[in-house]
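# Give me coordinates for this.
(one chain, ligands or ions: 1)
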Amino acid sequence: MKKIVVILLGAPASGKGTFKSQIIKYLEKKNLKYTAIETSSLLKKKFQKTIATGDLVNDQDVIEVVKEKLATTEKVVVLDGFPRTLVQAESLLSLKSFDFKIIKLEATKEEIIKRVEYRRICPKCGTTYNLSKKDLCPKIIGICDRCTTPLTKRDDDKNISKRLDIYYQNIKDVEDYLLKLQNTTFCNFDSRLLFTSDAIEGLLKVIVPTI
Ligand SMILES: [Zn+2]
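Numbering: from 1, shown residues only. Have a look, this model is predicted:
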């Protein structure tokens with residue numbers, strides 16, 4: 001049986017991290033083995049300088065890193081941050097040993113900018129906070145709850161406008177291509193429903209009825 005790859009599409013800071021953790025929670029509840037691939041983390045290790053300037057790593061390098069990772073996965077793969085360009089999409093979908101399920105997280109540019117404005121990270125332990133949400137706020141403003149390190153903005157959040165521009169330039173072609181494909185499922189999901197577990201479960205039952 002083919003491995004299932006759940007592809008999460010969505011702009012930077014549209015909530016894909018939260019979305020992914022909700023999906024993982026569901027898979028764990030069902031006792032399913034999975035591999036979560038966060039493309040940006042894979043790339044950060046190898047291409048730190050390019051990413052810090054807000055530019056994208058070139059297609060061939062990204063494709064190579066992701067394909068390498070896909071070769072050693074569990075039956076269900078949750079893929080975040082890939083594909084972002086048409087070349088990447090064509091390369092991924094040409095892999096015949098996988099069954100692709102595509103979910104696009106919808107968020108407006110205004111919602112994204114607002115989310116980023118309030119997002120903080122602990123540079124020491126990596127805990128993330130959001131100052132606009134009561135339950136995601138640190139107990140003392142500006143200080144990490146876990147290790148008392150002063151909080152900062154994420155490096156890549158400082159370039160959010162540039163990253164969004166590049167994202168929107170490329171994603172239209174990717175979506176048009178993915179929508180035309182036979183034998184793949186494509187769904188939209190409203191990011192405002194991210195914390196509604198019923199909505200997430202409902203979506204997953206539709207998109208991956210076999211898991
Ligand atoms: Zn910390």
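# gap between K2 and P209?
Using C-beta to C-beta, to the nearest Å, K2 is found at 15 Å from P209. Every residue, glycine included, has its C-beta placed from N, CA and C.
# now the longest helix belonging to the chain: mean pLDDT?
For the chain, the helix with the greatest residue count under DSSP state H is helix 160-180. Helix 160-180 comes out with an average pLDDT of 89.
# After that helix, which helix or strand is next?
Using DSSP states H and E, the helix or strand that follows helix 160-180 in sequence is strand 185-190.
# Can you give me the end-to-end span of stretch 28-47?
Stretch 28-47 stretches 32 Å from its first residue to its last (C-alpha to C-alpha, to the nearest Å).
# what does that stretch rub up against?
Stretch 28-47 has contacts (C-beta atoms under 8 Å, 6 or more residues apart in numbering) with 20, 24, 27, 51, 57, 61-62, 65-66, 69-70, 72-82, 156, 211.
# can you narrow those residues to ones near the ion?
Among the contacts of stretch 28-47, no residue is within reach of the ion (C-beta under 5 Å from the ion).
# host element of the residue sitting furthest away from the middle of the chain?
The centre of the chain is farthest from one residue, I140, which by C-alpha atoms, centre = their mean lies 28.9 Å away. Using DSSP H and E, I140 is not contained in any helix or strand.
# which residues touch it?
I140 makes no contacts at all, as judged by C-beta under 8 Å, 6+ apart.
# Report the distance from stretch 102-109 to the chain centre.
Between the centre of stretch 102-109 and the centre of its host chain there is 10 Å, according to C-alpha atoms, centre = their mean, to the nearest Å.
# Pull out the buried residues from it.
Residues of stretch 102-109 classed as buried: 102-107 (neighbour count, 16 or more other C-beta atoms under 10 Å).
# next one: stretch 161-174
Within stretch 161-174, the residues that count as buried by 16+ other C-beta under 10 Å are 163-164, 166-167, 170-171, 174.
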